[in-house]
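*Asks:* Sequence first, then the predicted structure:
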Amino acid sequence: MHTARGLLLHYAAVAVVNVTNYVIVAPTEWDFHPSGAFVQELQEMTETNEAHLKDRAYIAALSLDPCVAYEIGVSHA
């Protein structure tokens with residue numbers, strides 16, 4: 001099912017008349033997966049100013065899911 005924030009996946013395993021397994025994968029799990037939209041967006045950023053980079057990452061996270069708390073940090077390799 002497509003929702004305003006992305007794909008919402010439901011999986012149900014049924015044996016005869018009983019549900020034996022039920023799983024929901026929310027858009028947040030897709031968006032913030034290591035191969036998801038947030039990481040892809042970060043990989044395309046070319047900011048050299050750390051404050052600007054944090055601001056852009058904050059905006060990217062907020063645009064994907066405004067309902068989840070998160071913290072943005074920058075590590076230097």
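*Replies:* Alright, I've got the coordinates. Numbers count the residues shown, from 1 in each chain.
*Asks:* Could you list the paired strands of the helix or strand bottoming out on mean pLDDT in the chain along with their orientation?
*Replies:* Confidence across the helices and strands of the chain bottoms out at strand 2-3, with a mean of 73, counting by mean pLDDT, DSSP states H and E. Paired neighbours of strand 2-3 in the sheet (DSSP bridges): strand 6-7 (antiparallel).
*Asks:* tell me the mean pLDDT for the partner strand?
*Replies:* The average pLDDT for strand 6-7 rounds to 78.
*Asks:* Ala12 in helix, strand or coil?
*Replies:* strand (DSSP: H, G, I helix; E, B strand; the rest coil).
*Asks:* What residues does it make contact with?
*Replies:* With contacts taken as C-beta atoms under 8 Å, 6 or more residues apart in numbering, Ala12 has the following neighbours: Val19, Asn21, Tyr22. Where you see a C-beta, it was placed from the backbone N, CA and C, and this is true even at glycine.
*Asks:* Over to Gly6?
*Replies:* Here Gly6 is in contact with Pro27, Trp30, Asp31, Leu64 (C-beta under 8 Å, 6+ apart).
*Asks:* got the CA coordinates for the longest helix belonging to the chain in CSV?
*Replies:* If you go by DSSP state H, the chain has its longest helix at helix 50-64. What follows is helix 50-64 as a C-alpha-only set of coordinates in CSV (Å, rounded to 0.1, in the frame of the first residue of the first chain):
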residue,chain,number,x,y,z
GLU,A,50,30.0,21.0,8.5
ALA,A,51,27.1,23.2,9.7
HIS,A,52,25.6,23.3,6.2
LEU,A,53,26.0,19.6,5.9
LYS,A,54,24.2,19.0,9.2
ASP,A,55,21.4,21.4,8.1
ARG,A,56,21.0,19.6,4.8
ALA,A,57,21.0,16.2,6.5
TYR,A,58,18.4,17.4,9.0
ILE,A,59,16.2,18.7,6.2
ALA,A,60,16.5,15.4,4.3
ALA,A,61,15.6,13.3,7.4
LEU,A,62,12.7,15.6,8.2
SER,A,63,11.3,15.5,4.7
LEU,A,64,11.3,11.6,4.8
